[in-house]
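Undergrad: Build me a model:
(chains A and B)
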Amino acid sequence: MIAVVLTGGLLIFHTGDFPDFGDANSPANTYLSPYYLEHGQADTHAPNVVTSVLADYRGYDTMFETTVVFAAGLACFFLLRRKKSPEETTRMYRHLPTGVTLHIKEGGKLPAEDSRVFRRLDSHFVPHQIIIKNTCRLVIPFIQIFALYVVAHGHYSPGGGFQGGVLLAASIILYAISHDLRRAIRRFPEKVAALFGSLGVLIYAGTGALCLLFGANFLNYEALAPLLGVDAVMARSHGILIVEIGVAFAVMAVIIWIYYNLSSAGKHDEGL
Amino acid sequence: MTIPIDLAILTLVVISGIGALAVKDLLGAAIVFSAYSFLMCLAWAVMGAVDVAFTEAAVGAGVSTVFCVAAVFHTTRRTKD
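TA: Residues are numbered from 1 along each chain as shown, chains lettered A, B, ... in the order given. I've put the predicted structure just below:
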């Protein structure tokens, strides 16, 4: 407690030495920011300066941010994932035409996994919420379209790979919450999540390595100009788009993966 | 014009931050924390950092709340301290 107060006091005391908010003469505002603001559009053909700084000028940082996100997903997987317990004692099924709930004891005859008449329920009772299910089913495609727009339009408006990836993941999580976890996992299996996560990081790092192969610095997209068939400025613009897509892949897959592990305590069977 | 909005948002941020720490019910704390994230998102938007505000809204107020609720769902709802 004393250490916290002491550290906090010291930190607050020394904020007085910082330049004022928006001070035009502070070190950060004297040469670096004006350079980005003045040359960003001409260098990368991206009107949104934030995107050009994140994915082009400071692309190395963003690559390791993506790697950190992927590492978080892996850590969750290694900590939480368990083998599915062989057979639960009782299972619950709902007979869809009548809405009757059936308890099936151990050793009883289970309906087929893909039955259209019987649907398996989680062991805590779930009411039959047809309005929630259908509303979510209606909303999810629009969320996904918006997410793709955010990813593809990161040059021109706020957004980019991280935000678009999170929105895509949110649509799958919404599906898992409104229906149940097993159906979401059937739509977007765990292996696909792991594959997409590593693929996203690979796209990002691979773009950088490709630039190396073409004889430029790591992540200097100008080197890709002959490959993409455009001039150097547009190559940087396209390079930003490529790495944003990589980031979106990684973030989407990792967030869904973490959600699967966290919400079912690693069993991937019954979730929220 | 923006100063009163800033002050109002910052006051609410501090209140919800303290609230998220003070609430004994962990599920309630997760929800108050989501409110805190949303207010931070408003603060970023007022300062003109729309990209950061967007991220805060999607990650802070959306996904991290879901993660917290999922964690509470599998552990306990009451804190020990």
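
Undergrad: any idea which element the most centrally placed residue in chain B lies in?
TA: Geometric centre of chain B, nearest residue: residue B:36, 2.3 Å, by Cα atoms, centre = their mean. Secondary structure from DSSP states H and E places residue B:36 in helix B:26-47.

Undergrad: That helix near chain A anywhere?
TA: No - Helix B:26-47 lies apart from chain A when judged by Cβ under 8 Å from any Cβ of the partner chain; the minimum separation is 8.9 Å. Bear in mind the C-beta positions are built from the backbone N, C-alpha and C, glycine included.

Undergrad: May I see the buried residues of that helix?
TA: Neighbour counts using 16 or more other Cβ atoms under 10 Å in any protein chain shown place B:26, B:29-46 of helix B:26-47 among the buried residues.

Undergrad: again, but for stretch B:7-16
TA: Buried residues in stretch B:7-16 (16+ other Cβ under 10 Å): B:9, B:12-13, B:16.

Undergrad: which one of these sits closest to chain A?
TA: residue B:9 (15.2 Å; Cβ to the nearest Cβ).

Undergrad: follow-up on the earlier one: work out the gap between the helix holding residue B:36 and the centre of the chain.
TA: Counting by Cα atoms, centre = their mean, to the nearest Å, helix B:26-47 is centred 2 Å from the centre of its parent chain.

Undergrad: Name the residues that touch that helix?
TA: B:2, B:5-6, B:9-10, B:12-13, B:16-17, B:19-21, B:23, B:50, B:52-54, B:56-57, B:60-61, B:64-65, B:68-69, B:72, B:75-79 (Cβ atoms under 8 Å, 6 or more residues apart in numbering or on different chains).

Undergrad: Can you name the next helix or strand after it?
TA: helix B:50-55.

Undergrad: CA-only coordinates of that next one in PDB, if you can.
TA: The C-alpha trace of helix B:50-55 is given here as PDB (Å, rounded to 0.1, in the frame of the first residue of the first chain):
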ATOM      1  CA  VAL B  50     -11.300   7.800 -33.500                       C
ATOM      2  CA  ASP B  51      -9.200   4.700 -34.300                       C
ATOM      3  CA  VAL B  52      -8.400   4.200 -30.600                       C
ATOM      4  CA  ALA B  53     -12.100   4.800 -29.700                       C
ATOM      5  CA  PHE B  54     -13.200   2.200 -32.100                       C
ATOM      6  CA  THR B  55     -10.700  -0.400 -30.700                       C
END
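
Undergrad: Check which helices and strands that helix sits against.
TA: helix A:161-178, helix B:26-47 (3 or more Cβ pairs under 8 Å, 6 or more residues apart in numbering or on different chains; DSSP states H and E).

Undergrad: Now render these as TSV, adding distance to residue A:261 and mean pLDDT.
TA: Below are the helices and strands packed on helix B:50-55 laid out as TSV (distance: least, Cβ to Cβ, whole Å; pLDDT from 0 to 100):
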stretch	distance to residue A:261	mean pLDDT
helix A:161-178	12	89
helix B:26-47	18	90
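
Undergrad: and residue A:268, which of those is closest to it?
TA: helix A:161-178 (10.9 Å; Cβ to Cβ).

Undergrad: where are the low-confidence patches of the stretch 51-200 of chain A?
TA: In the prediction, the stretch 51-200 of chain A carries residues with pLDDT under 70 at positions A:84-89, A:106-108, A:113-114, A:123-126.

Undergrad: If we use 80, what do you get?
TA: Where the stretch 51-200 of chain A drops to pLDDT under 80, the residues are A:52, A:55-56, A:83-129, A:154-155, A:157, A:159.

Undergrad: Please list the residues of it that sit near chain B.
TA: A:51, A:158-160, A:162-163, A:166-167, A:169-170, A:173, A:177.

Undergrad: now the helices for the stretch 151-272 of chain A?
TA: Assigned by DSSP state H, counting those that start in this stretch, the stretch 151-272 of chain A shows helices spanning A:161-178, A:181-187, A:190-213, A:225-228, A:232-263.

Undergrad: Tell me which entries of the contacts of helix B:26-47 lie within helices.
TA: B:2, B:5-6, B:9-10, B:12-13, B:16-17, B:19-21, B:50, B:52-54, B:64-65, B:68-69, B:72 (DSSP state H).

Undergrad: And the buried ones among those, selectable in PyMOL?
TA: For the buried members of those, the matching PyMOL selection, counting by 16+ other Cβ under 10 Å, is:
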select buried, chain B and resi 9+12+13+16+17+19+20+52+53+54+64+65+68+69+72
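
Undergrad: The stretch 1-150 of chain A: strands as residue ranges?
TA: A:91-95, A:100-104, A:118-121 (DSSP state E, counting those that start in this stretch).

Undergrad: okay if I get the ones you listed as JSON lines plus distance to residue A:13 and mean neighbour count?
TA: Conversion of these to JSON lines gives the following (distance: least, Cβ to Cβ, whole Å; neighbours: other Cβ atoms under 10 Å in any protein chain shown):
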{"stretch": "strand A:91-95", "distance to residue A:13": "61", "mean neighbour count": "17"}
{"stretch": "strand A:100-104", "distance to residue A:13": "63", "mean neighbour count": "12"}
{"stretch": "strand A:118-121", "distance to residue A:13": "58", "mean neighbour count": "18"}
